[in-house]
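In: here is my input, please return the structure:
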Amino acid sequence: MKKTTCLLRYGILFLLLTVSSLICAQIPAGYYYQAHGKTGAELKTALHNIIKEASMLKYGSGEGATWEGFFYTDQNPDGSVFDMYSNETRYFNGFNGIDGMHIEHSLPNSWWGGIKNNAYKDLYHLYPADATMNMSKSNNPLGEVSGTPIRDNGLSKMGKNGFGNTYTGNCFEPADIYKGDFARSYFYIATAYEDYASLWNSPMMQNNTWPVWQSWALQLLMEWNKNDLKSAREEERAEAVYKIQGNRNPFIDYPDLVDYIWGDKTSTPYPFPDETEPFLISPRNNKTLDFGILLQGDNKTIDLDIQGKNLTETLNLYWKTGGENSGLSLSQESVTANEAINGKTIHICYMPQTSGTGIDTLVIKGGGLTDSVIVKVSRGATEDFMALPATETTSTQSTLRWIRHPQATGYRIDLYSGDQQAGDLIISSYIEGSKGYDKAIEIYNGTGKDIDLSKYSLRKQTNGSGSFGTELSLKNDEHPILADGENFLIVSGDCTNEALINRAQMIAPAEKEKSLMSFNGDDAIGLYHNGIQIDVIGDVDTGKGATWGVNVTYMRKTEVTHPTTVCDWSEWVNLGQDVIDRTGTFTMQFAPESQYVFEDKEVGEQTEYQVSGLMPNHRYTYRVTALSAQGEIEAVNTMGIKTSPLESPEVLDATEITENSFVANWDIVSGAEHYLIDLYTLIGDEEVEIFETFTNVKDGKPLPEGWTGNASGHYESSTNSKEPNSLAFKPEKGEEEYIQTCDYPAPVTELSFWYKFVSGGIGSTFKIEKKSNGIWSEIDIIEFVNSAQTASYSFTKDENITAFRFTYHKEKGNFALDNVSVTYGGTKPEYIVQDKIVTGLSCKFENLKKDTEYYYQVRSAIGDILSEQSERVAVKTSGNTGSIEKNEQNGLIFCSTNSGFRILGLQGNETVSVYTPSGTSIFETRANSAVIEIPASSRGIYIIGIKSSSGYKTMKVIR
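Out: Numbering: from 1, shown residues only. Reported below is the predicted structural model:
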């Protein structure tokens with residue numbers, strides 16, 4: 001992921017600065033060569049094989065995730081978000097998610113079962129979208145709204161589809177200027193993921209690879225593609241996505257492809273431009289190969305197919321980095337032009353003799369190619385049989401992994417919670433002192449055995465970017481073995497703190513900035529075992545200037561028994577600045593006994609095993625043993641897993657709204673056993689925010705109306721103010737100054753403020769107190785930190801907090817306070833239903849008041865484990881008696897009844913099957929008339945399958 005991010009950072013930034021070059025961007029020579037001469041369905045499948053491989057960003061916010069992608073693909077010149085769903089103006093905040101916006105799957109992810117695969121993360125159909133319109137859009141199909149819209153925000157609409165007469169249910173209609181964008185996204189998804197054919201579940205789609213689309217949907221998409229031509233912005237976005245993912249959207253490159261796949265030219269090959277330049281069909285530039293992790297002395301071979309066109313001379317293959325020095329070798333280092341044109345397979349062998357991981361670059365040059373083609377080869381090796389970090393870990397499942405042992409005839413694994421010993425060494429303490437090179441890292445051994453430190457090292461990610469380098473081996477003559485239950489403190493060789501030096505077991509070389517021990521607060525530190533990263537402290541890939549590790553001492557919590565390659569700050573305690581007396585004191589707290597999920601499970605010769613049925617937000621450990629004719633070989637480590645919290649449901653708009661009832665809906669959460677729903681109204685006054693900036697304060701006066709206190713100063717510079725001026729506390733050493741807010745007329749729910757310790761401040765403190773029911777009590781005491789900060793606190797109305805007091809105690813330096821924000825009042829929920837258990841995906845509420853606004857939220861549950869609340873959905877009952885909404889799909893009409901639902905419009909000779917969303921069959925019948933009744937005991941989402949002489953259709957209906 002780091003390599004991808006690096007390319008994204010520099011490649012796309014350059015791309016955004018050269019817009020004109022994007023509009024004229026050249027499709028790489030030969031990119032679509034394998035689609036030449038193909039027609040209709042074969043053309044679509046050929047395009048599928050070309051574009052299906054891509055490197056996706058992870059889903060979510062932060063570096064290397066979707067919102068970083070949006071930062072480069074959907075940012076206007078003024079820093080605002082390009083939103084195709086609304087006219088709201090919102091601005092990017094780095095790579096963070098944006099309030100009021102969602103990551104929108106333009107083709108709803110529920111249409112392929114919500115599986116979190118590449119389609120779930122594909123930027124060609126992910127867009128930043130206004131949250132309100134996105135929730136209204138829900139998983140409805142595209143269409144053209146007729147009559148009065150359900151929702152119209154001036155750009156997008158929701159309402160009954162009026163395009164054609166086949167589907168007349170609810171639809172989402174984008175603005176005319178974006179209809180082509182949506183159509184080309186939909187054509188892309190249907191092509192890139194045509195292997196999802198059996199999963200498609202949509203009023204727009206069929207369960208096949210061609211034509212995929214229902215007739216009415218295909219006509220709609222083709223008209224949109226034709227009437228809304230691709231724009232320069234759409235091309236720019238596509239090029240930005242190509243830079244990130246490495247695959248292209250052929251329907252943006254050649255919009256008229258749709259005519260040759262679905263239109264009136266399906267028997268005619270698409271007239272791609274003639275390919276006259278030399279190019280490689282295979283491999284693609286930047287292709288990646290992964291050998292995984294091998295045991296030293298083992299070997300593995302991967303075949304690389306080389307095929308080209310228009311080549312004029314011999315191709316030469318060589319290693320730009322690594323290669324033979326890493327244990328990699330090629331079966332041949334040159335391929336003649338004729339061999340490549342006819343297709344040649346090269347064998348790449350990896351036979352490691354040393355431990356470590358890396359990425360090597362294979363270069364293919366010559367042949368008349370304008371540019372070399374590079375292949376990235378990942379590899380790793382260890383001298384010991386080891387368990388590897390689990391992958392694909394969700395709230396309920398995980399894939400356990402280990403390296404292959406060449407003598408193994410099979411493997412046995414144990415999975416349990418509750419550790420009796422540590423899985424490996426861990427980083428137990430981090431010290432980044434306030435002076436110079438007063439820096440240290442401490443390691444702890446809780447494995448139950450003595451450990452040879454020569455197999456371990458530390459590496460750092462300099463300035464929060466790039467790969468981990470600057471290695472420091474823990475091999476040393478004075479303390480070569482770390483005994484069980486002991487700590488090992490490594491101190492910078494440039495440290496001047498004698499007390500810290502005296503505690504050290506190892507002094508790193510005195511190399512100042514060249515040393516690993518020169519970390520300064522934005523350099524994550526990794527612990528490596530046999531060259532494989534097992535632990536880390538610090539935020540990775542946050543870039544230069546991060547302050548997570550500035551002037552601070554961290555110590556691991558005692559319950560942490562396993563290292564982790566993703567820093568989890570909930571595992572650490574911040575001890576403050578220059579705290580060194582805790583070094584050497586860390587110990588682990590083990591469980592009294594282990595609880596086994598399974599024990600001694602033999603899994604054959606595979607080197608990974610997927611487990612399911614795990615508990616969300618829970619820690620597990622797995623142990624691996626290789627079975628061989630020579631005996632059992634237990635891995636030198638165990639590996640920990642932490643499942644993610646249970647996912648909150650994605651709530652959908654309500655349906656069947658009448659004057660006294662409606663149906664609340666939500667989407668399925670994988671692994672959830674049931675759901676809890678709350679229904680409520682809001683009572684109370686509007687929320688009020690008071691924002692004090694101290695702009696006019698001079699020497700502590702005037703304070704805001706109703707405030708009191710003796711703070712004596714002010715700051716006018718932007719260095720010591722968030723927005724000059726700021727209020728200054730300047731007592732004498734050992735003395736205090738304070739200010740107190742006014743009494744607010746309603747309970748306070750939020751408090752935040754900007755602050756800075758000025759001119760040092762070691763030993764000084766800033767105390768925050770609250771007034772609740774007339775009694776003062778402490779909220780927090782802030783100790784010195786060497787940078788400006790913002791503090792935020794939240795309260796409940798029941799606490800009845802009406803005022804605050806801020807007190808600065810000085811030992812050294814002064815204190816600046818600015819931008820104090822206080823929020824009071826606001827509404828609170830009055831519950832009609834709370835924590836109602838629902839096993840389906842909908843819930844009908846009845847006996848409500850007409851013309852009243854209600855709200856519902858949903859949580860998913862597994863046993864007693866609950867997710868966070870979903871977003872809130874507002875529903876207003878009608879003022880007049882309404883009727884039950886009809887759901888029309890594929891020319892059929894579905895109506896809810898007291899005992900299930902009714903299907904109208906049948907021919908009378910169909911087989912009708914009913915399934916749950918998970919695929920369990922619950923009903924099947926043969927229709928003998930145009931109308932049939934389907935029994936359904938509970939409300940929720942059902943999948944209907946209708947088989948007739950003309951084919952098979954599937955539809956999703958909500959009862």
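In: can you show me the helices along this protein?
Out: 2-7, 13-17, 19-23, 40-51, 66-73, 118-121, 131-137, 179-192, 215-227, 232-245, 250-253, 257-261, 337-342, 498-503 (DSSP state H).
In: will you turn the ones you listed into a markdown table that also has mean neighbour count?
Out: No exception for glycine: its C-beta is placed from N, CA and C like everyone else's. Output for the helices of the chain, formatted as a markdown table (neighbours: other CB atoms under 10 Å):
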| stretch | mean neighbour count |
| --- | --- |
| helix 2-7 | 16 |
| helix 13-17 | 13 |
| helix 19-23 | 13 |
| helix 40-51 | 20 |
| helix 66-73 | 24 |
| helix 118-121 | 18 |
| helix 131-137 | 22 |
| helix 179-192 | 24 |
| helix 215-227 | 19 |
| helix 232-245 | 20 |
| helix 250-253 | 24 |
| helix 257-261 | 22 |
| helix 337-342 | 16 |
| helix 498-503 | 14 |
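In: mean pLDDT lowest for which of those?
Out: For these, the weakest mean pLDDT is recorded on helix 2-7, namely a mean of 30.
In: what are the buried residues along stretch 843-852?
Out: Under the neighbour-count criterion of 16 or more other CB atoms under 10 Å, stretch 843-852 has 843, 845, 848 buried.
In: contacting residues for Asp228?
Out: 176-181, 183 (CB atoms under 8 Å, 6 or more residues apart in numbering).
In: out of those, who's nearest Asn502?
Out: Asp181 (65.9 Å; CB to CB).
In: show me the shaky parts of the stretch 401-550 of the chain.
Out: In the prediction, the stretch 401-550 of the chain carries no residues with pLDDT under 70.
In: mind listing the strands for it?
Out: Remark: strands assigned in the stretch 401-550 of the chain by DSSP state E, counting those that start in this stretch are 408-417, 426-432, 439-444, 451-452, 456-461, 469-473, 481-482, 487-491, 506-507, 524-529, 532-537.
In: one step back: any chance of the helices of the chain in CSV, with distance to Asn325 too?
Out: Below are the helices of the chain laid out as CSV (distance: least, CB to CB, whole Å):
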stretch, distance to Asn325
helix 2-7, 20
helix 13-17, 32
helix 19-23, 38
helix 40-51, 35
helix 66-73, 34
helix 118-121, 34
helix 131-137, 51
helix 179-192, 38
helix 215-227, 52
helix 232-245, 31
helix 250-253, 41
helix 257-261, 46
helix 337-342, 27
helix 498-503, 37
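In: Ile934: which of those is closest?
Out: helix 215-227 (24.1 Å).
In: re the thing from before, please identify which of the helices of the chain is closest to Gly423.
Out: Across those, closest to Gly423 is helix 2-7 (CB to CB), at 24.7 Å.
In: how far away is Gly433 from Asn617?
Out: Distance, Gly433 to Asn617, by CB to CB, to the nearest Å: 35 Å.
In: the two - which one has more neighbours?
Out: Gly433 (21 against 12; other CB atoms under 10 Å).
In: go ahead and confirm the more buried one touches Asn551.
Out: Yes - if you go by CB atoms under 8 Å, Gly433 and Asn551 touch, sitting 7.1 Å apart.
In: what's the overlap in contacts for these two?
Out: By CB under 8 Å, 6+ apart, the residues touching both Gly433 and Asn551 are 577-578.
In: partner residues bridging Ile683?
Out: Lys828 (DSSP bridges).
In: that one contacts Glu830, doesn't it?
Out: Yes - here Ile683 reaches Glu830: they are 4.9 Å apart, a contact under CB under 8 Å.
In: output the lowest mean pLDDT helix or strand found in the chain.
Out: The helix or strand of the chain with the poorest confidence is helix 2-7; it has a mean of 30 (mean pLDDT, DSSP states H and E).
In: want to try JSON lines for the buried residues of stretch 843-852, with pLDDT and distance to Asp256 as columns?
Out: Below are these laid out as JSON lines (pLDDT from 0 to 100; distance: CB to CB, whole Å):
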{"residue": "Cys843", "pLDDT": "95", "distance to Asp256": "47"}
{"residue": "Phe845", "pLDDT": "97", "distance to Asp256": "50"}
{"residue": "Leu848", "pLDDT": "96", "distance to Asp256": "52"}
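In: quick one: which of those residues sit in strands?
Out: 843, 845 (DSSP state E).
In: same list (the buried residues of stretch 843-852) but as TSV, adding distance to Tyr72.
Out: Output for these, formatted as TSV (distance: CB to CB, whole Å):
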residue	distance to Tyr72
Cys843	41
Phe845	44
Leu848	46
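In: okay, now Asn574: neighbour count?
Out: Neighbours of Asn574 (other CB under 10 Å): 14.
In: where does it land on pLDDT?
Out: 90.
In: next one: Pro77
Out: Reported pLDDT for Pro77: 93.
In: repeat that for the one 10 residues further on.
Out: You'll see Asn87 listed with a pLDDT of 92.
In: that one against Leu155, yeah?
Out: Yes - here Asn87 reaches Leu155: they are 5.2 Å apart, a contact under CB under 8 Å.
In: of those two, who's got more company?
Out: More crowded of Asn87 and Leu155, by other CB under 10 Å: Leu155, with 17 against 11.
In: quick one, what contacts the more buried one?
Out: Contact analysis of Leu155 by CB under 8 Å, 6+ apart lists 84-87, 174-175.
In: out of these, which is most surrounded?
Out: When the contacts of Leu155 are compared by neighbour count (other CB under 10 Å), Tyr85 ends up highest, at 26 neighbours.
In: distance of that one relative to Thr132?
Out: 9 Å.
In: shared neighbours of these two, anything?
Out: Contacts common to Tyr85 and Thr132, judged by CB under 8 Å, 6+ apart, are Asn153.
In: show me this structure divided up by domain.
Out: Using automatic domain parsing, the domain parsing of the chain gives 2-25+35-261, 279-382, 387-405+592-642, 426-576, 686-826, 887-958.
In: tell me how far the ends of the shortest one are from each other?
Out: Criterion CA to CA, to the nearest Å; first-to-last residue distance in domain 387-405+592-642 is 15 Å.
In: got the confidence number for Gly64?
Out: pLDDT for Gly64: 84.
In: what about it, how many residues nearby?
Out: By other CB under 10 Å, neighbour count at Gly64 equals 17.
In: now Phe923
Out: Phe923 has 14 nearby residues by other CB under 10 Å.
In: what's the closest non-adjacent residue to it?
Out: In this structure, Phe923 finds its nearest non-sequential neighbour in Val914, 4.0 Å apart by CB to CB, 6 or more residues apart in numbering.
In: now do Tyr831
Out: Nearest one to Tyr831, counting by CB to CB, 6+ apart, is Tyr680 at 4.6 Å.
In: cool, Ile934 as well?
Out: That would be Gly900: by CB to CB, 6+ apart, it lies 4.8 Å from Ile934.
In: that neighbour contacts Ser938, correct?
Out: No - Gly900 sits out of contact with Ser938 when judged by CB under 8 Å, with a separation of 9.8 Å.
In: between the two, who's got more neighbours?
Out: Gly900 (17 against 13).
In: please name the bridge partners of the more buried one.
Out: Going by DSSP bridges, Gly900 is paired in beta bridges with Thr897, Pro935.
In: how far away is it from Thr925?
Out: 12 Å.
In: common neighbours of those two, please.
Out: Joint contacts of Gly900 and Thr925 (CB under 8 Å, 6+ apart) are Ile934.
In: re the thing from before, quick one: the contacts of Asp228 as CSV, columns for distance to Cys495 too.
Out: CSV is the format used below for the contacts of Asp228 (distance: CB to CB, whole Å):
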residue, distance to Cys495
Asp176, 67
Ile177, 62
Tyr178, 59
Lys179, 64
Gly180, 63
Asp181, 58
Ala183, 63
